[in-house]
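Enquirer: What would the 3D arrangement of this be:
(one chain, ligands or ions: 2)
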Amino acid sequence: MFFDSLECVRCQTALAVDLVDDGGLVVLDAATATTCERRRTWGCNWPARPGEALCASCVLVDDGGHAAAPSMIPYQSAQRRALYQLSELGVAWGTDHGPGSALHFAYRSKSAGDQAIIGHRGGEITLDLDEADPARREEIRATLGEHYRTPLGHIRHELGHVVWLDLVATEPALLEDFRAVFGDERDDYGAALDRHYARLDDATWRTAHVSFYASAHPWEDFAESWAQLMHVHDVVETGASWGVVEAPVDPTDAKAWLTDSILASVAANELARAMGMRDLYPFALSAGVRTKVEFCWRLVHLPAN
Ligand SMILES: [Zn+2]
Ligand SMILES: [Zn+2]
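Expert: Numbering: from 1, shown residues only. Ligands and ions are numbered 1, 2, ... in the order given. This is a model prediction of the structure:
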C-alpha cells in the first residue's frame, strides 16, 4: 500500500493508516477501525480520533463551505503528508499538542469569490483551492518565475511560519541565533513585501536564499528554508526506502541529509527527464542556503536509526 491508499493494492481490503507516537505508521483494517468521516469525500485514510467523527488532520480544516469541492482531495492528501512528516520530525502539532494547538487550515477559493490570500497568521494557514487545478497553478508559477509550486510546497512553507512562532520566537537564545543567520525579523514586514514585489529578479539572492521570495523578509526566508528541510528529509527518506541512497547514520547530522539529498534529487530529476517531465527537485542549494537549512535542523528531533 501507499501513504494515501484506501485499500490494499493486491487484495482490495479497505485500509486505514494511523500515526504512532514514535513517528511511525500502522496499517489498520478499515472494517474494524473507526474511519474518518471524510474518507469518502476527501479520500482520507486516517482513523477518526477516539469518540469523534474526524481524524487528527481533517479536524484542523475550516473548509469555508467547499467541503464537497473535488479540489479538496489533493490538498487534504498534501496536508496529511505534511502533518505526518512533522510527527516524524518530532515537531508537535494538532489539538493535543500544547503550543501547536492553534494550528488550522482555512481553505478558500478565489474563483468562488472568497478572499484567498495564501498565508499564515497566528497558527491559521490559508490556502487557495484554485491551485489544485494544475493549469491555474502553472500559470501562476510561470508568471512569478518560480521553479516549484505545489499544494504540498505551499503547506510546508506555511508550516514554517507556524514552526517559527512555536519553536523559535519562544526561545530567546534561539531567536538571537536566528537573527544572526536570517536577519532581523522586526524589519517592517508589509514594507518589505511591497519592496519585494516592486523588484526584478536579478538572481543575486542565490548565494544566501533558496528562492527569490525568500529574500523578501527574514520570516519568508525561514519559511522557505523550513520547506526545504521538509523537501530534503522526504526526498532522502523516500530515496533510502527505495535503495537510491542510504539514510544518514546520525539523523541529527544536517550536513549528511543535505549531501544525501544531492544524489537522491539527481536520481529523481533524471527519472523525471526520462519521462519528459520537469525536474522533481528543481533546487541547487548554495553554501549560504545550506547554513539556513542546517539552522532549521536544530528544531527537529529525529529518532536514531
Ligand atoms: Zn480525515
Ligand atoms: Zn510565507
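
Enquirer: Could you tell me how many residues sit around Arg38?
Expert: 24 (other C-beta atoms under 10 Å). Every C-beta, even on glycine, is put in place using the N, C-alpha and C of the backbone.

Enquirer: Tell me how far it lies from Pro47.
Expert: Per C-beta to C-beta, to the nearest Å, Arg38 is found 12 Å from Pro47.

Enquirer: Can you check which residues contact both of these two?
Expert: By C-beta atoms under 8 Å, 6 or more residues apart in numbering, Arg38 and Pro47 have these common neighbours: Cys55.

Enquirer: what helices or strands is the one helix or strand Gly153 maps to leaning on?
Expert: Using DSSP states H and E, Gly153 sits within helix 151-163. Packing partners of helix 151-163 (3 or more C-beta pairs under 8 Å, 6 or more residues apart in numbering; DSSP states H and E): helix 72-88, strand 119-121, strand 124-128, helix 218-241.

Enquirer: Tell me the buried residues in the following helix or strand past that helix?
Expert: Counting by DSSP H and E, the next helix or strand C-terminal to helix 151-163 is helix 172-182. By neighbour count with 16 or more other C-beta atoms under 10 Å, helix 172-182 contains the buried residues Phe178, Val181, Phe182.

Enquirer: between the helix holding Gly153 and strand 124-128, how many degrees?
Expert: Per axes from the mean of the first three to the mean of the last three C-alpha atoms, to 10 degrees, the angle that helix 151-163 makes with strand 124-128 is 160 degrees.

Enquirer: for helix 151-163, the distance to its chain's centre please.
Expert: Relative to its parent chain, helix 151-163 has a centroid offset of 5 Å by C-alpha atoms, centre = their mean, to the nearest Å.

Enquirer: For it, C-alpha coordinates in PDB please.
Expert: Only the C-alpha atoms of helix 151-163 are listed here, as PDB (Å, rounded to 0.1, in the frame of the first residue of the first chain):
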ATOM      1  CA  PRO A 151      -0.100  22.300  -2.700                       C
ATOM      2  CA  LEU A 152       2.500  20.300  -0.600                       C
ATOM      3  CA  GLY A 153       5.100  23.100  -1.100                       C
ATOM      4  CA  HIS A 154       2.600  25.700   0.000                       C
ATOM      5  CA  ILE A 155       1.700  23.700   3.100                       C
ATOM      6  CA  ARG A 156       5.400  23.100   4.000                       C
ATOM      7  CA  HIS A 157       6.200  26.800   3.600                       C
ATOM      8  CA  GLU A 158       3.200  27.900   5.700                       C
ATOM      9  CA  LEU A 159       4.100  25.300   8.400                       C
ATOM     10  CA  GLY A 160       7.500  27.000   8.500                       C
ATOM     11  CA  HIS A 161       5.800  30.200   9.800                       C
ATOM     12  CA  VAL A 162       4.000  28.100  12.500                       C
ATOM     13  CA  VAL A 163       7.200  26.400  13.500                       C
END
